[in-house]
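Undergrad: Generate a structure from the sequence data that follows.
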Amino acid sequence: MKCRFISLAGFVVGAALTASAQGTPASVAANSPPLVAGPTTTATPGFQERNPRYHLRKGDSFDLDFAMTPEFNQVVAVQPDGYITLKAVGSLYVEGQTVPQLTDTLKAAYANILHDPVIAISLKDFEKPYFIASGQVARPGKYDLRSDLTVTEAVAIAGGFDEKSKHSQVVLFRPVPGGGFEAKLINVKKLLASRNLTEDVQLKPGDMLYVPQNSLSKIRPFLPTSGVSAYLGPGVL
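TA: Residues are numbered from 1 along each chain as shown. I've put the predicted structure just below:
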């Protein structure tokens with residue numbers, strides 16, 4: 001299955017994202033916001049990463065312990081601007097770093113004061129992993145990401161597709177460092193029909209699934225009942 005990756009400057013959905021993998025045009029919901037997109041890329045390794053490390057966010061806090069110099073021990077909070085304030089060092093920008101990256105950052109910051117400091121970091125208060133399901137699913141909302149989940153499993157947790165969904169063009173939005181989102185178009189209908197879920201994408205914390213509305217459900221209110229019945233066949237409505 002071929003999927004297209006698009007770098008997004010904001011959290012938006014547009015007509016270009018709902019073009020099918022076979023090149024057949026398809027429209028999005030009438031109330032969808034306009035597309036704001038950058039250049040199309042051909043690879044996004046982050047979508048293939050398994051067991052990703054947690055990245056610090058605003059409002060997180062952690063215990064900072066120095067094995068040999070306990071006088072520098074402290075509880076540190078990530079401020080709304082992404083900075084932390086440290087004893088004897090001052091402010092450092094750490095938002096988006098993993099714990100191993102943060103350890104290296106702090107060791108470098110204290111290198112002018114301490115010789116080869118031994119540092120231990122323990123996350124104290126942090127944002128619990130989650131994903132968001134939106135659009136044409138039975139129960140849109142924010143869900144805890146308590147274990148490894150794929151796109152099809154996440155849709156099932158959100159109650160499955162409703163009768164208006166276009167499940168051949170599900171969009172997976174993923175936050176990227178520095179702000180914005182990247183998006184991947186997924187043909188869930190093809191995945192399920194093939195009974196092969198090897199390409200079922202693994203979710204990461206903060207991901208959002210958007211299920212667009214299918215074309216028929218958009219025009220159905222404007223068609224006479226008899227006309228729709230003739231189009232779909234007897235017994236469908």
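Undergrad: Just give me the neighbour total for the residue lying closest to R57 once chain neighbours are set aside.
TA: Nearest non-adjacent residue to R57, counting by CB to CB, 6 or more residues apart in numbering: E127, 5.2 Å away. The C-beta positions use only the backbone N, C-alpha and C, and glycine is treated the same way. E127 has 14 neighbours, counted by other CB atoms under 10 Å.
Undergrad: Which residue ranges make up each domain of the protein?
TA: Annotated domains of the chain cover 5-51+129-232, 61-125 [automatic domain parsing].
Undergrad: looking at the ones you listed, which has the lowest confidence?
TA: Among those, domain 5-51+129-232 has the lowest mean pLDDT, at a mean of 72.
Undergrad: which stretches of the protein form strands?
TA: Ranges of strands within the chain are 5-8, 37-41, 61-66, 74-77, 83-86, 90-93, 119-125, 130-135, 141-144, 170-175, 181-186, 208-211, based on DSSP state E.
Undergrad: nearest to A111, of those strands?
TA: strand 119-125 (11.1 Å; CB to CB).
Undergrad: Report the inter-axis angle for the closest one versus strand 61-66.
TA: Interaxial angle, strand 119-125 versus strand 61-66 (axes from the mean of the first three to the mean of the last three CA atoms, to 10 degrees): 160 degrees.
Undergrad: now what about strand 119-125, what contacts it?
TA: Strand 119-125 is contacted by residues 54, 59-67, 75, 99, 102-103, 106-107, 110 when judged by CB atoms under 8 Å, 6 or more residues apart in numbering.
Undergrad: Now for N187, how many residues are close by?
TA: By other CB under 10 Å, the residues close to N187 number 20.
Undergrad: if I look at it, how far off is R174?
TA: With distances taken as CB to CB, to the nearest Å, N187 is found 18 Å from R174.
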